[in-house]
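Novice: What shape does this take:
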Amino acid sequence: MTVRLRERTSALAHWSVRLSLVSVPVLIIAAIGHRSGLLAATPTYAVMALGFSLAALGVIAAIAAFEGIWRDGRKGLGQAIRGLLIGFLVLSLPIAGAWKLVTYPRLTDISTDIDNPPAYVFALADRPEDSRPVVDPTPEEGDLQREAYPDIVPRHYPVGPGRVFDDASAIVAGRGWTLLGAKRPEEPDETGRIEAMALSPIFGFRQAIVIRIEPDGEGTLVDMRATARNGDHDLGANAERIRSFFVDLDASLQGISEE
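Specialist: Numbering: from 1, shown residues only. Down below sits the predicted model:
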């Protein structure tokens, strides 16, 4: 009688795939829930933590499975590799966030005019109870911004405020930001303003935006402020949002600008 030895399969390899795969719909629920307004910021953070924890457990299970597969010759190498790759792919988001956390200063409110930042009006009525209060930056925060983002400064354009307002409004609309309110400068000596709400790319965390457009000699001075609604660190997102906006505005106004 022929005796067949039953090949053993690594249970950890199986669980590494399951844990890593389950993390994906959990994070999708967090993203859809927060973007749609069904989840407030605090429970969204909790669901995100659960999703990333599942992915981390999937990676740990895969690494442990490799040890058993190498030692005992168990089956499941392909599953362990899939679990490891999926887990690392999911964890690339918090890993990138951790890198920004230590690279960028701990700021949530960035303005081209630190001493007299553009004031929010409409955005103040669009902030739920769990939002951070909007306050002007402290001297210490101003110094941090100047050191980290020396290029975040006002822009001067040798055209009238009305033209600048129209081009800025078109950029806001083109970026898909939600317009909260606007005032077009109808006279050459009037100051215009645009307030909008932008969302972070995946989970839809809100950043309030205000653009101040005021006459300045023979042209127009433009200031912009971007403020995170939640969290203690914007991970550099607000400075990048301001920076990219002015790149578009420079191009729209024929690239003529003076800092």
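Novice: what are the ranges of the strands in the stretch 151-259 of the chain?
Specialist: In the stretch 151-259 of the chain, strands defined by DSSP state E, counting those that start in this stretch lie at 155-157, 178-183, 192-199, 206-216, 219-228, listed in chain order.
Novice: Pull the contacting residues for A226.
Specialist: Each residue near A226 by Cβ atoms under 8 Å, 6 or more residues apart in numbering is listed here: 109-111, 198, 207-209, 237-239, 241-242. The way it works is simple: take the backbone N, C-alpha and C, and place the C-beta from them, glycine included.
Novice: Chain neighbours aside, what residue packs nearest to it?
Specialist: Nearest residue to A226 in three dimensions, chain neighbours excluded: N238, at 3.8 Å (Cβ to Cβ, 6 or more residues apart in numbering).
Novice: give the contact list for that neighbour.
Specialist: Taking Cβ under 8 Å, 6+ apart as the contact definition, N238 lies against 107-110, 207, 226-228.
Novice: If we use 10 Å, what do you get?
Specialist: Under the criterion of Cβ atoms under 10 Å, 6 or more residues apart in numbering, the contact list for N238 reads 104, 107-111, 145, 149, 152, 198, 207-209, 224-228.
Novice: any idea how far G174 is from it?
Specialist: Between N238 and G174 the distance is 19 Å, computed by Cβ to Cβ, to the nearest Å.
Novice: Ok, I86 next?
Specialist: As for I86, its distance to G174 is 35 Å (criterion: Cβ to Cβ).
Novice: Looking at those two, which has the bigger crowd around it?
Specialist: I86 (21 against 10; other Cβ atoms under 10 Å).
Novice: Tell me who's in contact with that one.
Specialist: Taking Cβ under 10 Å, 6+ apart as the contact definition, I86 lies against 16-17, 19-21, 23-24, 55, 58-59, 62.
Novice: List buried residues within these.
Specialist: Burial by neighbour count, judged by 16 or more other Cβ atoms under 10 Å, picks out 16-17, 19-21, 23, 55, 58-59, 62 from the contacts of I86.
Novice: ok, the spatially most central residue of the chain - contacts?
Specialist: Closest to where the C-alpha atoms of the chain average out (Cα atoms, centre = their mean) is S200, at 3.8 Å. Contacts for S200 (Cβ under 10 Å, 6+ apart) come out as 31, 34-35, 206-207, 228, 234-235, 237, 241.
Novice: count of residues packed around the spatially closest residue to E218 that is not a sequence neighbour?
Specialist: Sequence neighbours aside, P158 is the residue nearest to E218 in space, at 6.2 Å (criterion: Cβ to Cβ, 6+ apart). Other residues near P158 come to 14 when the count uses other Cβ under 10 Å.
Novice: So P158 is in contact with P215, correct?
Specialist: No - with the criterion set as Cβ atoms under 10 Å, P158 and P215 do not qualify as a contacting pair; they are 11.8 Å apart.
Novice: Poorly predicted segments of the stretch 1-150 of the chain, please.
Specialist: Scanning the stretch 1-150 of the chain for pLDDT under 70 picks out 1-7, 73, 128-130.
Novice: Walking through it, point out its strands one by one.
Specialist: With DSSP E, counting those that start in this stretch, the ranges of strands along the stretch 1-150 of the chain come out as 109-111.
Novice: quick one, phi/psi of the residue nearest to the centre of the chain?
Specialist: phi -70, psi 150 (degrees, to the nearest 10).
Novice: For D250, see how far away it is.
Specialist: 24 Å.
Novice: P25 now?
Specialist: Going from P25 to D250 by Cβ to Cβ gives 42 Å.
Novice: between those two, which one's more packed in?
Specialist: When neighbours are counted by other Cβ under 10 Å, P25 and D250 differ, and D250 comes out ahead with 14 against 10.
Novice: Check whether T103 really touches A239, as I assumed.
Specialist: No - T103 is beyond contact range of A239, at 11.7 Å (criterion: Cβ under 10 Å).
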